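Student: got a structure for you, letters missing:
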């Protein structure tokens, strides 16, 4: 292949700055959408196991709808369609006056998609430790929410720590699709550099390594948390 | 089929470094005399410059100009039977196809740059593109000063980005920039009032307005920023052929025929000949 490699171009300004700002946005989008995914996912996961039929149905509808539509389509729906369905003034506010509308749309869109997947993991976790603990907990005088918060959720979360790590990793990588709605995150900045310098391979190589490092750090972090609080601790203690 | 052949030839040309056809002097004229066929490159969707019309035949402003040029070729070379073989080209392959001699005359909207001049030659200026703003008529934006406190979309990675930043700095404007991924997203952003203006190369605006659900609500405004002169590409080392092209266009500029063709294609979009294009045409209006 006749390609003129020039890694030095990435160290020049403004390209070096673009890569850093891209990394910053990738981190902000990943963390923001993960916070939404965890809070929505845990709530929906618990709701799915609740003894109340109406709550179960609402949670199931959310999970099935958001899990089965491609995330890119969801992002487009949130960005292009959702504001148009609202009353004019509110839609315009979301499009224009909301602080950083692209970022908010990105983390809501990605967060709700990941949330549906997290909810299923949570439900699996609760099922794994035994939903039959619920009557026992209720018999001790706990109210249903307390039973979930104090008994089923802590045990269930520990059981699904591994799959949750994978979900977090997917969220980090999926932050790149937010470039389609104008977020200049790491992948977008790499393309940006390619457009200006025609040295796209170098920029994408750096982005690849950065994604890999991000993924490994997430895995490492989750492993530390797992060792401190997770099922591993119990496995060690019981053996 | 033709398209695949053209692509394969383009790839081969890239590998060989554009050498074979470009070295022989006046290869185009020799080919014309031997085969009686001229190969014209056209763009499929560049409205109104060069595109496939409703009858799926190449048409547009550049095609009309090229037909006049080919008429001139017929008289100069005394080859009245020349047939035209149309080959579709795109932004990625157009230069390679001209450089390797597959295309004799590229009738699209390619900006004449010194970098491109290393590999191909250009006809006189056919059109001058510049950066302008696509806005809703109701926004009442007409000049850069009106952008203060507004939201402006730009296509990520295009040349309009540094230009807009320069305009913002020069006029001390307070503007929020929204990045859009392609022209279609820019149009949606303007129409949905997510942004107040889409700042871009104005040559891209015409097909966008045509695509719009409500074309009459849109308008292209603002002073023309920057200078991107477009021309038709011909293979290098063809002085006699390039002379015919230059001569034919010079005659059109002088006689007012060029203006008629321009008005035919651009008037419906509300575009008139700008001062920069007029100046370029006058520059090429050499005396006989």
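Tutor: Right, received. Where do you want to start? Predicted model only: the values in this text are computed from it and were never measured.
Student: near chain B, which residues of chain A are found?
Tutor: Within chain A, the positions adjacent to chain B are A:80, A:83-84, A:92, A:95-96, A:101-102, A:179-184, A:188, A:191-192, A:194-196 by CB under 8 Å from any CB of the partner chain. Heads up, the C-betas are built off the backbone N, CA and C, glycines and all.
Student: just the buried ones from those, in PyMOL syntax?
Tutor: Selection of buried members from the residues of chain A next to chain B for PyMOL, criterion 16 or more other CB atoms under 10 Å in any protein chain shown:
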select buried, chain A and resi 80+83+92+95+96+101+102+179+180+181+182+183+184+188+191+192+194+195+196
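Student: list the ones among the residues of chain A next to chain B that fall in helices.
Tutor: Applying DSSP state H to the residues of chain A next to chain B, the entries found in helices are A:83-84, A:92, A:101-102, A:188, A:191-192, A:194-196.
Student: of those residues, closest to chain B?
Tutor: residue A:195 (3.2 Å; CB to the nearest CB).
Student: can you give me the pLDDT of that closest one?
Tutor: pLDDT, the model's per-residue confidence, is 73 for residue A:195.
Student: now residue A:169
Tutor: Reported pLDDT for residue A:169: 94.
Student: what's the distance between it and chain B?
Tutor: To chain B, residue A:169 is 25 Å away according to CB to the nearest CB, to the nearest Å.
Student: got phi/psi on the residue lying closest to residue A:131 once chain neighbours are set aside?
Tutor: In space, and not counting its chain neighbours, residue A:131 is closest to residue A:49: 6.1 Å by CB to CB, 6 or more residues apart in numbering or on different chains. As for residue A:49, its main-chain torsions (degrees, to the nearest 10) stand at phi -100, psi 0.
Student: before we move on, what about residue A:14?
Tutor: Residue A:14 adopts backbone torsions of phi -90, psi 0, taken as degrees, to the nearest 10.
Student: how much space between it and chain B?
Tutor: Using CB to the nearest CB, residue A:14 is found at 10 Å from chain B.
Student: can you get me a residue count around that residue?
Tutor: Neighbour count for residue A:14, taken as other CB atoms under 10 Å in any protein chain shown: 11.
Student: state the pLDDT value of it.
Tutor: pLDDT, residue A:14: 86.
Student: again with residue A:225
Tutor: At residue A:225, pLDDT is 87.
Student: list the contacts of the residue nearest to residue B:231 when sequence neighbours are not counted.
Tutor: The shortest distance from residue B:231 to any non-neighbouring residue, by CB to CB, 6+ apart, is to residue B:122 (3.9 Å). Going by CB atoms under 8 Å, 6 or more residues apart in numbering or on different chains, residue B:122 touches B:110, B:112, B:116, B:231-234.
Student: JSON lines for the residues you listed, including distance to residue B:59?
Tutor: Formatted as JSON lines, those follow (distance: CB to CB, whole Å):
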{"residue": "B:110", "distance to residue B:59": "18"}
{"residue": "B:112", "distance to residue B:59": "23"}
{"residue": "B:116", "distance to residue B:59": "25"}
{"residue": "B:231", "distance to residue B:59": "19"}
{"residue": "B:232", "distance to residue B:59": "16"}
{"residue": "B:233", "distance to residue B:59": "19"}
{"residue": "B:234", "distance to residue B:59": "21"}
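Student: can you list the strands that the longest strand anywhere in chain B pairs with?
Tutor: Using DSSP state E, we find that the single longest strand of chain B is strand B:218-235. Here strand B:218-235 has these sheet partners by DSSP bridges: strand B:105-111 (antiparallel), strand B:120-122 (antiparallel), strand B:127-136 (antiparallel).
Student: deepest-packed of those, please.
Tutor: Most buried of the strands paired with strand B:218-235 by mean neighbour count (mean count of other CB atoms under 10 Å in any protein chain shown) is strand B:105-111; its value is a mean of 25.
Student: could you pull out the helices in chain A for me?
Tutor: Using DSSP H, helices in chain A cover A:15-49, A:53-68, A:71-76, A:82-85, A:88-92, A:101-129, A:133-139, A:144-147, A:153-159, A:161-174, A:186-197, A:200-229, A:231-238.
Student: can you flag the weakest of these by average pLDDT?
Tutor: helix A:231-238 (a mean of 58).
Student: ok, the residue nearest to residue A:131 - contacts?
Tutor: Neighbouring residues of residue A:49 by CB under 8 Å, 6+ apart: A:56, A:123, A:126-127, A:131, A:134, A:148, A:152.
Student: so what's the residue nearest to residue B:241 when sequence neighbours are not counted up against?
Tutor: Computed as CB to CB, 6+ apart, the closest residue to residue B:241 that is not its neighbour in sequence is residue B:28, at 4.5 Å. If you count contacts by CB under 8 Å, 6+ apart, residue B:28 has them with B:101, B:104, B:234-235, B:238, B:241.
Student: ok, so of the residues you listed, who is nearest chain A?
Tutor: residue B:101 (20.5 Å).
Student: helix/strand/coil for the closest one?
Tutor: Classification of residue B:101 using DSSP: H, G, I helix; E, B strand; the rest coil returns coil.
Student: what is the burial count for residue 169?
Tutor: Chain wasn't specified; assuming chain A. Per other CB under 10 Å, the neighbour tally for residue A:169 reads 18.
Student: can you look at chain B instead?
Tutor: Residues near residue B:169, counting by other CB under 10 Å: 9.
Student: could you say which helix or strand holds it?
Tutor: Using DSSP states H and E, residue B:169 sits in helix B:160-171.
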